[in-house]
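**Q** Provided below are the primary sequence and the corresponding predicted coordinates.
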Amino acid sequence: MEDIIRFETVNQYNAFNQQETLHPLVTVIDLSTASPRKKTSQYMGCYGIFLKDVVCGDLRYGKEYYDYQEGTLVFMSPGQVFTVENDGELYQPKGHALVFHPDLLLGIPLNGKMHEFSFFGYQVNEALHLSQRERQIVMDCFGKIKYELEHAIDKHSRKLIVANLELFLDYCTRFYDRQFITRDNIHRGILAKFETLLSSYFSSEKPQTIGLPSVSYCAEELNLSAKYFGDLVKKETGQTAQEYIQMKVIEAAKERIFSSDKTVNEIAFELGFKYPQHFSRLFKQRIGQTPNEYRILSNLN
């Protein structure tokens, strides 16, 4: 079994990279100053943001590879394991890393906001590709945090470190919004595949055996993380992925109600609902009529 290096603390990550620990809960590292290394699997017990400057090994999460090239940012949340793969030879890491322990945010408003930065849950082919100007902003944020780390710790240190960290994450949110726009053609292709996936799903036996398609199921079928997939659908359609799936469920339901003599209960089970009343409630919320009311009015027309 492959050995995994575990980084439960900032100090452990610093020690691995031959860096002095200036603050127990956060560090900024120029990885080119670390010693050459071989392929390693690493467990992160901290948040990690990695800016790669040159090609020096492929970054793998699970069985998939990050779209991790020169000038890209990758985000890791606590509990993730990733692997740097190369040909087995020693390689010199280059780039920068910002690593911070969750305890840094205890009692800080940013702690309650971290769920908004969904890119920490992105996994495969979802790294943030930076323009040169965006990279300069990232390096400026890293530099301000590093300045605070090198400054003697005083009553202002934590506040300023966290403020610059939040500024950096807000910039990353903006940059990802830009990336969703500039990669619009790629994303439209994913939406087309999403449509096809749902259509084939409801024309198969899967609803009766698996149930209603979940967001995580659709994301996995499209080789995306659930969070990235959800953000993509929201930005492209204005609906959450769950709302979009429900819309397709209702479309399939309307077709069955209009063109078959099956009962509402039979249609509900066909579509993957465990309980017909849940189907009727969703249909009423979306259409403003119960399934039976819709059938009567459709037949009148």
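**A** Arrived safely. Numbers count the residues shown, from 1 in each chain.
**Q** any idea how far the residue nearest in space to the middle of the chain lies from residue 227?
**A** Nearest to the mean C-alpha position of the chain, by C-alpha atoms, centre = their mean, lies residue 122 at 2.6 Å. Using C-beta to C-beta, to the nearest Å, residue 122 is found at 6 Å from residue 227. From N, CA and C alone the C-beta is placed, and that goes for glycine too.
**Q** Can you show me the CA trace of stretch 179-194 as CSV?
**A** Extracted in CSV, the C-alpha atoms of stretch 179-194 (Å, rounded to 0.1, in the frame of the first residue of the first chain):
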residue,chain,number,x,y,z
GLN,A,179,-13.5,31.5,-15.9
PHE,A,180,-17.1,30.2,-16.2
ILE,A,181,-17.7,32.9,-18.8
THR,A,182,-14.5,32.4,-20.8
ARG,A,183,-15.0,28.6,-20.9
ASP,A,184,-18.6,29.1,-21.9
ASN,A,185,-18.3,26.7,-24.9
ILE,A,186,-17.0,23.9,-22.7
HIS,A,187,-19.7,24.5,-20.2
ARG,A,188,-22.5,24.5,-22.8
GLY,A,189,-21.2,21.2,-23.9
ILE,A,190,-21.5,19.9,-20.3
LEU,A,191,-25.1,21.3,-20.1
ALA,A,192,-26.0,19.5,-23.4
LYS,A,193,-24.6,16.3,-21.9
PHE,A,194,-26.6,16.9,-18.7
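**Q** my read: residue 176 touches residue 120, true?
**A** No. Look at residue 176 against residue 120 with C-beta atoms under 8 Å: they stay out of range, at 11.4 Å.
**Q** between these two, which one's more packed in?
**A** residue 176 (22 against 18; other C-beta atoms under 10 Å).
**Q** tell me the SS of that one?
**A** helix (DSSP: H, G, I helix; E, B strand; the rest coil).
**Q** Please apply the same query to residue 154.
**A** Quick answer, by three-state DSSP: residue 154 is coil.
**Q** what's the neighbour count on it?
**A** Residues lying near residue 154 (other C-beta under 10 Å) number 9.
**Q** got it, and residue 100?
**A** Residues near residue 100, counting by other C-beta under 10 Å, number 21.
**Q** pLDDT score for the residue nearest to it when sequence neighbours are not counted?
**A** Using C-beta to C-beta, 6 or more residues apart in numbering and skipping the chain neighbours, the partner closest in space to residue 100 is residue 26 (4.1 Å). The score at residue 26 is 97. That number is its pLDDT.
**Q** Now for residue 26: which residues touch it?
**A** Neighbouring residues of residue 26 by C-beta atoms under 8 Å, 6 or more residues apart in numbering: 10, 98, 99, 100, 101, 104, 145, 149, 161, 165.
**Q** Mind checking which of the residues you listed are in helices?
**A** 10, 145, 149, 161, 165 (DSSP state H).
**Q** just to revisit the earlier point, help me confirm that the residue nearest to the centre of the chain comes into contact with residue 225.
**A** Yes. Assessed by C-beta under 8 Å, residue 122 is found in contact with residue 225 at 5.2 Å.
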